[in-house]
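1. One predicted model, sequence on top.
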Number of protein chains: 2
Amino acid sequence: MAAQPLLIAGDWRPAAELVASFRAENPATGEAIGAEFPVNGAADLEAALAAAVAVADELARTPPERIAAFLEAYAAGIERDAETLVALAHAETALPAETRLAKVELPRTSGQLRQAARAVRNFSWTQPVIDTAGGLRSHHAPLHKPVLVFGPNNFPFAFNAIAGSDFASAIAARNPVIAKAHPSHPATSERLAQLAHAALREAGLPAAAVQMLYQFDSALGLKLAGDPRLGAIGFTGSRAGGLALKAAADAAGVPAYVELSSVNPVFLLPGALAERGTALAQEFFSSCTMGSGQFCTNPGVVVVPRSDDGDAFVAAAVAHFGNAAAGVLFSRGVLEHLQRSVDTLRKAGADLLVGGAAAGPGHRYQPTLLQVDAAQFLRAPQALQTEAFGPVSLLVRANDAAQMAALAAAFEGNLTGTLYSAADGSDAAAWTAVADALRPRVGRLIGNRMPTGVAVSPAMNHGGPYPSTGHAGFTAVGMPAAIRRFTALHCYDHVPDAQLPPELRDHNPGGVARQIDGHWCVDDVDARGTTA
Amino acid sequence: MAAQPLLIAGDWRPAAELVASFRAENPATGEAIGAEFPVNGAADLEAALAAAVAVADELARTPPERIAAFLEAYAAGIERDAETLVALAHAETALPAETRLAKVELPRTSGQLRQAARAVRNFSWTQPVIDTAGGLRSHHAPLHKPVLVFGPNNFPFAFNAIAGSDFASAIAARNPVIAKAHPSHPATSERLAQLAHAALREAGLPAAAVQMLYQFDSALGLKLAGDPRLGAIGFTGSRAGGLALKAAADAAGVPAYVELSSVNPVFLLPGALAERGTALAQEFFSSCTMGSGQFCTNPGVVVVPRSDDGDAFVAAAVAHFGNAAAGVLFSRGVLEHLQRSVDTLRKAGADLLVGGAAAGPGHRYQPTLLQVDAAQFLRAPQALQTEAFGPVSLLVRANDAAQMAALAAAFEGNLTGTLYSAADGSDAAAWTAVADALRPRVGRLIGNRMPTGVAVSPAMNHGGPYPSTGHAGFTAVGMPAAIRRFTALHCYDHVPDAQLPPELRDHNPGGVARQIDGHWCVDDVDARGTTA
């Protein structure tokens, strides 16, 4: 049995122990495709960890300019290789090649790497704070330890363990990465790793800054996640998997940034429905079925007034869903999980309005709507918040704004919460009632648009209260905030200027924004007349 | 059996179930003093939690001005009551009344509350970020859940669960607090709670914003810490206690900010010793024995060259320690723990140079120095990093700068690391070698002064890598950074201006510093010409 090599310590090498091997599938047909990839044993995990640990100090001391050059070279390499990458990812994920992979996700990925490079160059992620009278200076600094990144199945580029936001964030903070690809798109991940490897050489970064592993047993994964030599973990995926990794990391004092499940409740206020209910049904349908609904921010629960307008919205949505072809899911596992989730929702009292069944060939599922009364939702809020990862949504029918607010207060932590309101201001009171209850339960509160758009912006929060993520204070998307996850706060107390990191010295030739004596500025320290 | 009342939901009430009661001790004599205080059962913990939960949303929506008014009224109340507070704290802790409690710790505590009030007024802790093109605005916001604070024994004011940095930080972010006093100074804590209670009324804050409990069984404490209704935990104390609470909180998705043990290594470089070894011995002695050495940042390990200058330093230090009176410790428990720690160090190969025994009356311990060879330290680095909480330090004798750097690399996470260097620059190379190894292992790197000074400054980091704290990215001291621990990141995506929190709206009448399209400024959004 032969299998593709691993990237460890700057070399592509065969697995030390080939526990097993696996191939990707074409989800649209269910057929195995591409090369055999290795399932690794303990020796390879240890080798990857040791290689990353060995290079951590060197990487932390690497000039930021070289880190930025790597990120930009990698972005350019991804763009040059777009045709190949899109073909690989399309074959392994069945995501639309043109509309999704080539036009949206790949540019997003290279753009994200370039945003990380900009944050590296302007030091914004370090947040320098200088207290001249106190002789104290602090900033956020590299961890001097590796970051272990687990990529999800649903973004083969933009959240890939070796190219996505966690990767870009960890490297921007000058930490080595151990990337664990998602096994549903190994060839895409391998291709990205080759490009990363080439960009490392081009930028003159240590070759061991990035390791690539494909698959290993979950017990080995937990052991790795709980190794105190790690600096942090980034994970995007299922709640069960993420919480197990978080528990292992927590026990070792390793911060785990896990992005888990979310049903992303959407509230259609009465005025919005009266004004544009038909358009909203179309907008909702598009958002919920795009990418076969396999988004962390998929609108999984939609609260709809029990009214004529509400009934019309539901009828229009049912028509859209019923007329649509079954969506291709990433794997049999995703399909089976989705079916179980739909079963759970039905057992908890939800009625099936349309869809609800798998379809062939490959791993397909019908666009599906379920419906439940608000009172029943409030009786079984846990079960009825089961995430159905796929083109599925639960409509919750509410009597009035007060019941909508009660529903909002029944949600556990979510990535997003959305309100649609009338342009004429007639929903203002309902907005306040619902938003007040929803705000503390979501990371991003959205007005009048579906939650599936996650812009890479400094003001984005792709995060939210537990259990949507492991920590409500951090975002997984958006530079420089996402970088801050993979940093340590370092203070210098009466340390001579020459011994300080560049962004904390008196002289500030790069114009880094710093908080000096309580004020943000780009000055030298002595230019403010505040030094001795 | 009668006992002092608890502060729950704005009322002073007797314990629902008086599991037991306890009294403070005068540590200088070992005699019980003051009133009986309650050991609480599950019902009181639940009542305190429920009261705090019930008021969380209201507090989160309270105008910041009123929060600031509370913090300032409380600071003023503490200052007006200084004489009584100092007398109580002195009786319960034996800390020097004038030099420590009245002149240093009490003003630090009121000053810290006022710094928190300033951060509330200028919104600096919220870090507003606005992306005008993307329609996205984010900031740090209240948790909308209570913060549980466990105070330590060693700062009856400045880290008191109901007056210290965790308290001020949690309230500044508009979160209710459940304060768990340290049982070694219950009357001090009660007095502070009375002042807090009065200040709440004066400022018109919800009466249930603050609860005060004194003592409960550790199993109940773990159950409370693991309650998902909590927003976060702040803890300062022993490693075993803190890690147990952190594990309970982690399992419930509750962020736990725990400040644990630290030995705060100090490196005396050769040039510094040659230049001013005698003065350094005095400086070290003062720092290590101040407050009987009961500081998180006590210099617990001092690395001294094996040289004539090093020998002279050691001899001078031994003379200082030998001539000093035994220091009073906070309790029998502290004394016993210290004796066990000294025994552990000796068993691991350290030689006793001076001190090493308990003394009476009360709970006293001799100022103590131990010494070990660097090679032995490197053979048993874990045992020889045992924190000896008290007037005790371990001198490690190193051959040269290379061995000093090897020692620096052997330390686990610490709050601080210190280097003393010569004024003439002759230690520059040694500084670089040692500091490079030490930097990633400490939160605060200090030049030429002892670690015991922890200024309340925006640039302070009173934190450090695990296991000195639970998360290397946060500080427990310094506004506004310490406040950020008790916040959630909230994003607004195309939310109408009128529905935004004040500091995210277009108009910025308060001159809040905000990052707008990548630049920090105090402008309105439209003044930048960047809105539609």
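-> Perfect, thanks for sending it. Numbering: from 1, shown residues only, chains lettered A, B, ... in the order given.
2. Please count neighbours and contacts with C-alpha atoms only from this point.
-> Noted.
3. Which part of the stretch 201-350 of chain A gets nearest to chain B, residue-wise?
-> A:Gly253 (5.9 Å; C-alpha to the nearest C-alpha).
4. list the contacts for that residue?
-> For A:Gly253, the residues meeting the contact criterion (C-alpha atoms under 8 Å, 6 or more residues apart in numbering or on different chains) are A:228, B:466-467, B:470-471.
5. Show me the helices in the stretch 401-532 of chain A, by range?
-> Assigned helices in the stretch 401-532 of chain A, in chain order: A:401-409, A:428-438 (criterion: DSSP state H, counting those that start in this stretch).
6. For the helix or strand harbouring A:Phe70, what is the distance to the chain centroid?
-> Under the criterion of DSSP states H and E, A:Phe70 resides in helix A:64-80. In terms of C-alpha atoms, centre = their mean, to the nearest Å, the centre of helix A:64-80 is set 21 Å apart from its chain centre.
7. repeat for stretch A:483-494
-> So, by C-alpha atoms, centre = their mean, the centroid of stretch A:483-494 is 24 Å from its chain's centroid.
8. which residues touch the closest residue to A:Ile483 other than its chain neighbours?
-> Distances taken as C-alpha to C-alpha, 6 or more residues apart in numbering or on different chains place A:Ser169 nearest to A:Ile483, at 4.3 Å, with adjacent residues excluded. Residues in contact with A:Ser169 (C-alpha under 8 Å, 6+ apart) are A:116, A:479, A:482-486.
9. Weed out the non-buried ones from the residues you listed.
-> Among these, those buried by neighbour count (16 or more other C-alpha atoms under 10 Å in any protein chain shown) are A:116, A:479, A:482-486.
10. The helix or strand that contains A:Val372 pairs with which strands, and in what direction?
-> Assigned by DSSP H and E, A:Val372 falls within strand A:368-373. Next to strand A:368-373 in the sheet, as set by DSSP bridges, lie strand A:351-354 (antiparallel), strand A:392-398 (parallel).
11. residues of the helix or strand following it that come out buried?
-> Later in the chain than strand A:368-373, the nearest helix or strand by DSSP H and E is helix A:374-379. For helix A:374-379, the neighbour count (16+ other C-alpha under 10 Å) marks A:374-375, A:377-378 as buried.
12. near chain B, which residues of the stretch 51-200 of chain A show up?
-> Where the stretch 51-200 of chain A comes near chain B, counting by C-alpha under 8 Å from any C-alpha of the partner chain, the residues are A:129-131, A:134, A:136-138, A:140, A:143-144.
13. Now the two most distant members of these.
-> Taking C-alpha to C-alpha, the two most distant members of those are A:Gly134 and A:His144; they sit 27.1 Å apart.
14. A:Val303 bridge partners, please.
-> A:Phe267, A:Val396.
15. Verify the stated contact: it with A:Leu268.
-> Yes. Under the criterion of C-alpha atoms under 8 Å, A:Val303 makes contact with A:Leu268 at 6.1 Å.
16. in which helix or strand would I find A:Gly241?
-> Taking DSSP H and E as the criterion, A:Gly241 maps to helix A:239-251.
17. What is the subsequent helix or strand relative to that helix?
-> Next along from helix A:239-251, by DSSP H and E: strand A:256-259.
18. Other residues contacting that following strand?
-> By C-alpha under 8 Å, 6+ apart, strand A:256-259 touches A:232-237, A:242-243, A:245-246, A:249-250, A:463, A:468-471, A:476, A:485.
19. show me which of the residues you listed neighbour chain B.
-> Filtering the contacts of strand A:256-259 for proximity to chain B by C-alpha under 8 Å from any C-alpha leaves A:250, A:463, A:470-471, A:485.
20. on that earlier part again, same list, the helices of the stretch 401-532 of chain A, but as a markdown table with distance to chain B and mean pLDDT please.
-> Formatted as a markdown table, these follow (distance: least, C-alpha to the nearest C-alpha, whole Å; pLDDT from 0 to 100):
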| stretch | distance to chain B | mean pLDDT |
| --- | --- | --- |
| helix A:401-409 | 11 | 98 |
| helix A:428-438 | 8 | 97 |
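21. can you put these in TSV and add mean neighbour count?
-> Listed next are the helices of the stretch 401-532 of chain A as TSV, based on neighbours: other C-alpha atoms under 10 Å in any protein chain shown:
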stretch	mean neighbour count
helix A:401-409	20
helix A:428-438	19
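22. Which of the ones you listed sits closest to B:Phe22?
-> Closest among the helices of the stretch 401-532 of chain A, using C-alpha to C-alpha: helix A:401-409, at 41.2 Å.
23. Return the closest one as PDB; C-alpha atoms alone will do.
-> Once non-C-alpha atoms are left out, helix A:401-409 reads as follows in PDB (Å, rounded to 0.1, in the frame of the first residue of the first chain):
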ATOM      1  CA  ALA A 401     -43.600  40.100  18.900                       C
ATOM      2  CA  ALA A 402     -43.800  39.100  22.500                       C
ATOM      3  CA  GLN A 403     -43.600  35.400  21.600                       C
ATOM      4  CA  MET A 404     -40.800  36.200  19.100                       C
ATOM      5  CA  ALA A 405     -38.900  37.800  21.900                       C
ATOM      6  CA  ALA A 406     -39.600  34.700  24.100                       C
ATOM      7  CA  LEU A 407     -38.200  32.500  21.300                       C
ATOM      8  CA  ALA A 408     -35.100  34.700  21.000                       C
ATOM      9  CA  ALA A 409     -34.500  34.300  24.700                       C
END
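24. Which secondary structure elements does that helix sit against?
-> If you count contacts as 3 or more C-alpha pairs under 8 Å, 6 or more residues apart in numbering or on different chains; DSSP states H and E, helix A:401-409 packs onto helix A:374-379, helix A:428-438.
25. Would you mind pulling up the elements that the first one packs against?
-> Spelled out, that is helix A:374-379. In terms of contacts (3+ C-alpha pairs under 8 Å, 6+ apart), helix A:374-379 is packed against strand A:392-398, helix A:401-409.
26. For A:Tyr74, give me its contacts.
-> Contacts of A:Tyr74 by C-alpha under 8 Å, 6+ apart are A:110, A:113, A:195-196, A:198-199.
27. no no, A:Glu58
-> For A:Glu58, the contact set (C-alpha under 8 Å, 6+ apart) comprises A:Pro206.
28. hmm, 10 Å instead?
-> Residues near A:Glu58 by C-alpha atoms under 10 Å, 6 or more residues apart in numbering or on different chains: A:144, A:174-176, A:205-206, A:209.
29. Now, of those, which are buried?
-> A:144, A:174-176, A:205-206, A:209.
30. Now render these as a markdown table, adding pLDDT, secondary structure and distance to B:Asn399.
-> Formatted as a markdown table, the buried ones among the contacts of A:Glu58 follow (pLDDT from 0 to 100; DSSP: H, G, I helix; E, B strand; the rest coil; distance: C-alpha to C-alpha, whole Å):
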| residue | pLDDT | secondary structure | distance to B:Asn399 |
| --- | --- | --- | --- |
| A:His144 | 98 | coil | 27 |
| A:Arg174 | 98 | coil | 33 |
| A:Asn175 | 98 | coil | 32 |
| A:Pro176 | 98 | coil | 33 |
| A:Leu205 | 97 | coil | 35 |
| A:Pro206 | 96 | coil | 32 |
| A:Ala209 | 98 | helix | 34 |
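31. Quick one: the residues you listed as TSV, columns for distance to A:His507 too.
-> Converted to TSV, the buried ones among the contacts of A:Glu58 look like this (distance: C-alpha to C-alpha, whole Å):
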residue	distance to A:His507
A:His144	26
A:Arg174	23
A:Asn175	26
A:Pro176	29
A:Leu205	27
A:Pro206	29
A:Ala209	31
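32. Quick check: the farthest pair among those residues?
-> Farthest apart among these by C-alpha to C-alpha are A:His144 and A:Leu205. That separation is 15.2 Å.
33. The residue lying closest to A:Ala248 once chain neighbours are set aside: neighbouring residues, count only.
-> Among residues not flanking A:Ala248 along the chain, A:Gly226 sits closest, at 4.7 Å (C-alpha to C-alpha, 6+ apart). Neighbour count for A:Gly226, taken as other C-alpha atoms under 10 Å in any protein chain shown: 23.
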